[in-house]
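Participant: here you go, sequence then predicted model.
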Amino acid sequence: MARVWESVTILIACFVLVQCNANDTCSLTMFGNDTGAYLACTAQVALQANWFPSPIAGLFSYLVWNGFDGFWQNGAVLEPMVSFMEYANHSRYVSVVRNSWRPLYSLLEAYGPYPSFDDMCWYGLSYVRIYEVLGYEEFLATALDIYNWVWQTGWDFSGHCGGGFFFDDSRLSKPTITNVQMFQLGAKLYRIYKKDDIWNKTIEVYNFIMNNSIINTTSYLVSDSTTWTCQGNGNYGPTYSSGVLMGALVELYKQTNVSSYIDLAVKLADATILNHTDNVTGIFREYCDPQCDDDAKMFKGIFVRNLRYLIDALPEGDSTKAGYKIWLKHNAMGIIKYDMCDKSPISLCNITFKDGPPYFNVSGPVFSPDWIGPVTYGAPMQQACVLDLFVASINAGTRCTGDYCSFDPPYPPPQPLTCESHPCPPDEPCCEYSPYTTYTCCESTQKCQNGICV
């Protein structure tokens, strides 16, 4: 693996200085020659330049990146952005993060008519992470509001299978992702608030996970849902479920110092890496690559963000910790070799803009969904996924130096758009649910009835 690292590093010399916008520059030297931080910088600049959540794309009642397939992705992308600030000690694009705050009611409005609980939890996890790094109290308050809302409306209070969270208000399934999200969110909120009721709920969710055979105790792979007979369904596909569960176990370990929690997190990490790493290239792949839908294109990024939390919790000198670091860097360098498009001009790359043209000049590098390539097209889902990987691979102690460490360009304020402004993509009906003031874009399979997408 060391040979792969050395050979791929040569490729970086081809774009040591990237000036993606007129006023923004990324270089190795500004991050003390930390390759992961430099690559994260270039990926983030391209994300903002190409898919900035501008009024042109249609700013609903929440922040929207141009071309994200789902409501949840706009929340989930905030976590690697703020983690990048922490790991590389900078404040780049801080206003993008700061302006992403919405109160619970606005998030519920934006999703209309009724959100799935896992989608709301992505905002909760990102918001509590923003509070951890930047200390913004309004984000913490909304994270707690989201947690309480999901608990009150999504938990199975009948006691069947010991509870558990449903997918949405139809209450037809209990997906693993919602349960591990609430496990991690509850553990983080307990660390901050130290309230017994949050701790008791966190342990209740942990018991549900452990008592319903969601984790295969032989392979340590994680089922993506439970059955009505209180068993894991045996579908071990999505990597983000094991990733978020790892992050939750790390939180419990940090608060209790009970080694069994982190031991289990390591077993989950090892099992997922073994099961999803390509035998030829050594590159991580999602179960559905190369044909993943837009949701699944972000899954492996969420896994590696939580792997970084595990790495941070392991002691220095630990061989497992060192192995994970090497694996992350190998994947980062592999993406540069197999899966990056940075042609000149960048317009030669196939870049999609679902909701209209970009606000800024198009920038690179951009990446394809499958990390082993070939390069197919750039879109915000895979760009955010790769950003997660690059951020996770940043060395501890990295510091950004220079004027560009505080680069925070002014963005146009949200415009008071209405359905009369034709803000939605052509195939998505605009649905106005507060006369001339508030709207949402229905899915292409829906229509608007009395202010609700049905």
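Facilitator: Done, it's in.
Participant: wait, R102 sits on L108?
Facilitator: No. Using CB atoms under 8 Å, R102 makes no contact with L108, being 9.6 Å away. From N, CA and C alone the C-beta is placed, and that goes for glycine too.
Participant: ok, these two, which is more surrounded?
Facilitator: Shown here are R102 and L108; by other CB atoms under 10 Å, R102 has more neighbours (20 against 17).
Participant: so the more buried one versus D168, what's the distance?
Facilitator: Separation of R102 from D168 (CB to CB, to the nearest Å): 20 Å.
Participant: centroid residue for the chain?
Facilitator: Centroid-nearest residue in the chain, with CA atoms, centre = their mean: A76, separated by 3.7 Å.
Participant: what about the nearest residue to it once chain neighbours are set aside, distance to G67?
Facilitator: Distance criterion CB to CB, 6 or more residues apart in numbering; nearest residue to A76, sequence neighbours excluded, is W122 at 4.3 Å. The gap separating W122 from G67 is 17 Å, by CB to CB.
Participant: of those two, which one has the most company?
Facilitator: W122 (26 against 23).
Participant: helix, strand or coil for the more buried one?
Facilitator: When classified by DSSP: H, G, I helix; E, B strand; the rest coil, W122 comes out as helix.
Participant: hang on, it packs against G75?
Facilitator: Yes. Contact criterion CB under 8 Å: W122 and G75 qualify, at 4.1 Å.
Participant: pLDDT of stretch 281-296, averaged?
Facilitator: Per-residue pLDDT values over stretch 281-296 give a mean of 96.
Participant: just the CA atoms of it, as CSV, please.
Facilitator: What follows is stretch 281-296, C-alpha atoms only, in CSV (Å, rounded to 0.1, in the frame of the first residue of the first chain):
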residue,chain,number,x,y,z
THR,A,281,-7.5,-1.6,-6.4
GLY,A,282,-8.0,-1.6,-2.6
ILE,A,283,-10.6,1.1,-3.0
PHE,A,284,-13.8,1.4,-1.0
ARG,A,285,-17.1,0.8,-2.8
GLU,A,286,-20.8,1.0,-2.0
TYR,A,287,-22.8,-2.1,-2.4
CYS,A,288,-24.6,-0.7,-5.5
ASP,A,289,-21.6,0.9,-7.3
PRO,A,290,-21.5,1.7,-10.1
GLN,A,291,-25.3,1.9,-10.4
CYS,A,292,-26.2,3.6,-7.1
ASP,A,293,-29.1,6.0,-6.9
ASP,A,294,-28.6,9.6,-5.8
ASP,A,295,-29.2,8.8,-2.2
ALA,A,296,-26.6,6.0,-2.0
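Participant: so for it, what gets flagged as buried?
Facilitator: T281, I283, F284, R285, E286, Y287, C288, D289, C292, D294, A296 (16 or more other CB atoms under 10 Å).
Participant: so which of those comes closest to L274?
Facilitator: For the buried residues of stretch 281-296, the minimum distance to L274 (CB to CB) is 10.7 Å, reached by F284.
Participant: does the closest one have beta-bridge partners, and which?
Facilitator: Here F284 sits in beta bridges with T277, going by DSSP bridges.
Participant: isn't it right next to A269, touching?
Facilitator: No. Here F284 lies out of contact with A269, judged by CB under 8 Å, at a distance of 11.5 Å.
Participant: okay, now the domains of this protein?
Facilitator: Per automatic domain parsing, the structural domains of the chain span 2-415, 416-454.
Participant: just name the most buried of these.
Facilitator: The highest mean neighbour count among the domains of the chain, using mean count of other CB atoms under 10 Å, belongs to domain 2-415: a mean of 20.
Participant: now that domain, how far from the centre of its chain.
Facilitator: Centroid displacement of domain 2-415 relative to its chain, using CA atoms, centre = their mean, to the nearest Å, is 2 Å.
Participant: I figured T277 hits F284, correct?
Facilitator: Yes. T277 lies in contact with F284 (CB under 8 Å); the separation is 5.7 Å.
Participant: below-threshold pLDDT in the stretch 351-454 of the chain: ranges please.
Facilitator: Along the stretch 351-454 of the chain, segments meeting pLDDT under 70 span 355-356, 411-417, 421, 423, 425, 434-438.
Participant: what about the helices in it?
Facilitator: Assigned by DSSP state H, counting those that start in this stretch, the stretch 351-454 of the chain shows helices spanning 380-392.
Participant: and the closest residue to C400 other than its chain neighbours, what helix or strand is that in?
Facilitator: Take C400 and drop its neighbours on the chain: the residue closest to it by CB to CB, 6+ apart is H90, 3.8 Å away. Assigned by DSSP states H and E, H90 belongs to no helix or strand.
Participant: how close does H90 get to E132?
Facilitator: Distance of H90 to E132, given as CB to CB: 16 Å.
Participant: how about A110?
Facilitator: Applying CB to CB, the value for A110 to E132 is 24 Å.
Participant: next: P103.
Facilitator: For P103, the distance to E132 - CB to CB - is 20 Å.
Participant: swap in C161?
Facilitator: 32 Å.
Participant: again with K195
Facilitator: Note on K195: its distance to E132, by CB to CB, is 17 Å.
Participant: and for W371?
Facilitator: W371 is 28 Å from E132, by CB to CB.
Participant: how about Y190?
Facilitator: Counting by CB to CB, the gap from Y190 to E132 is 13 Å.
Participant: please name the nearest non-neighbouring residue to G162.
Facilitator: Distances taken as CB to CB, 6+ apart place F208 nearest to G162, at 5.0 Å, with adjacent residues excluded.
Participant: my bad, F84
Facilitator: V391 (4.7 Å).
Participant: can you tell me what sits against stretch 336-346?
Facilitator: The contact list for stretch 336-346 (CB atoms under 8 Å, 6 or more residues apart in numbering) reads 8, 11-12, 15, 39, 281, 283, 349-350, 362-368, 370-375, 378, 386.
Participant: same deal with stretch 123-142?
Facilitator: Contacts of stretch 123-142 (CB under 8 Å, 6+ apart): 75-79, 82-83, 85-86, 94, 97-98, 100-104, 107, 143, 146-147, 150, 181, 184-185, 188-189, 192, 244.
Participant: in helices only, show me the residues you listed.
Facilitator: 75-76, 78-79, 82-83, 85-86, 94, 97-98, 104, 107, 143, 146-147, 150, 181, 184-185, 188-189, 192, 244 (DSSP state H).
Participant: how about the longest helix anywhere in the chain as CSV, C-alpha atoms only?
Facilitator: Criterion DSSP H: the longest helix present in the chain is helix 319-338. C-alpha atoms of helix 319-338 as CSV (Å, rounded to 0.1, in the frame of the first residue of the first chain):
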residue,chain,number,x,y,z
SER,A,319,-1.8,-0.3,15.2
THR,A,320,-5.5,-0.3,14.3
LYS,A,321,-5.6,3.4,14.3
ALA,A,322,-2.5,3.5,12.0
GLY,A,323,-4.1,1.0,9.7
TYR,A,324,-7.2,3.0,9.3
LYS,A,325,-5.2,6.1,8.5
ILE,A,326,-3.3,4.3,5.8
TRP,A,327,-6.5,2.9,4.3
LEU,A,328,-8.1,6.4,4.1
LYS,A,329,-5.0,7.9,2.4
HIS,A,330,-4.9,5.0,0.0
ASN,A,331,-8.5,5.7,-1.0
ALA,A,332,-7.9,9.5,-1.3
MET,A,333,-5.0,8.9,-3.6
GLY,A,334,-6.9,6.2,-5.5
ILE,A,335,-9.6,8.7,-6.3
ILE,A,336,-7.1,11.1,-7.7
LYS,A,337,-5.8,8.3,-9.9
TYR,A,338,-9.0,6.7,-11.0
